[in-house]
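# Sharing a model that was predicted from the sequence below.
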Amino acid sequence: MKLSIARRLATATMICFAGAAAADDIKANSDAKVAAPFDIVESRISIDKDHAIFQTRVRGDAGADKPRATGKFGGSQVYAYVWPTSLDSADVGFEKGQGIVALAVTYHPDFDDGAKGAKNRDHWHPHWVVLAKDQSCGGGLKVIDVPKDAKPKLPENWPGAPLLIDSPDYPATLSGDTVEVRVPLSRLGGLKSAAFDAVAAGLRVNADLHAPLLCVADVFKVASGDLSLPGKPVIAQ
């Protein structure tokens, strides 16, 4: 799966509207080979009035496993619960057509990447990221780098890292077996017609701090099994 995840996700992003028309929540069988805190069994996005609620349930305690601190930025690890989507990058504040848009709830004890210098290394917190295929990464994907001297359109909560990443202040909670993020619809376009999947993954900062700076290094579990983006947001009646 590690070698094909990028290809599958890119393909699924293009065909998701045809393949996901009848789906809402994503349900997955538990897998004893996956660590319980990352063994996704269900994921959903619900839209209620002015918020979208992203939820993923796991077999164990959500957030119980965290990467060990190394004391260094280069080579450090990031653990993440991720919702890859069919959203366009312009829907979340970047330039149009930049790559695969995903919401991620992350934990990384060796660095802070909050907006405007906020500290966030000691707790799980959300990011929007834009991903692209890169076979030099163990999981076949990277967070897209911003080249030196480039001036792309970036969201207001861009943390200053040379990556297509946003650090919004959405409420993110991990309680029991559930990861949840509440996203104001006023700050998110296109979600009602989007498709999504759910992934648990480990990322790694390049030890040499060169591009790709942040790789998807390990894929712990994909809810759909094949990154077909079968989920559709449920809109409250």
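Received it, and whenever you're ready, just let me know what you need. Numbering: from 1, shown residues only.

# mind listing the helices for the chain?
Under the criterion DSSP state H, helices of the chain are mapped to 5-19.

# Tell me where it has strands.
With DSSP state E, the ranges of strands along the chain come out as 26-27, 40-48, 51-58, 77-84, 100-107, 125-133, 141-143, 165-166, 172-175, 178-184, 199-205, 214-222, 234-235.

# Next, the buried residues of the third one.
Think strand 51-58. Residues of strand 51-58 classed as buried under the neighbour-count rule (16 or more other C-beta atoms under 10 Å) are 51-58. Where you see a C-beta, it was placed from the backbone N, CA and C, and this is true even at glycine.

# want to throw the strands of the chain into JSON lines with mean pLDDT and distance to residue 149?
Compiled in JSON lines, the strands of the chain are given as follows (pLDDT from 0 to 100; distance: least, C-beta to C-beta, whole Å):
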{"stretch": "strand 26-27", "mean pLDDT": "98", "distance to residue 149": "41"}
{"stretch": "strand 40-48", "mean pLDDT": "96", "distance to residue 149": "37"}
{"stretch": "strand 51-58", "mean pLDDT": "97", "distance to residue 149": "35"}
{"stretch": "strand 77-84", "mean pLDDT": "98", "distance to residue 149": "26"}
{"stretch": "strand 100-107", "mean pLDDT": "98", "distance to residue 149": "25"}
{"stretch": "strand 125-133", "mean pLDDT": "98", "distance to residue 149": "19"}
{"stretch": "strand 141-143", "mean pLDDT": "98", "distance to residue 149": "19"}
{"stretch": "strand 165-166", "mean pLDDT": "98", "distance to residue 149": "18"}
{"stretch": "strand 172-175", "mean pLDDT": "98", "distance to residue 149": "33"}
{"stretch": "strand 178-184", "mean pLDDT": "97", "distance to residue 149": "32"}
{"stretch": "strand 199-205", "mean pLDDT": "98", "distance to residue 149": "22"}
{"stretch": "strand 214-222", "mean pLDDT": "98", "distance to residue 149": "20"}
{"stretch": "strand 234-235", "mean pLDDT": "90", "distance to residue 149": "43"}
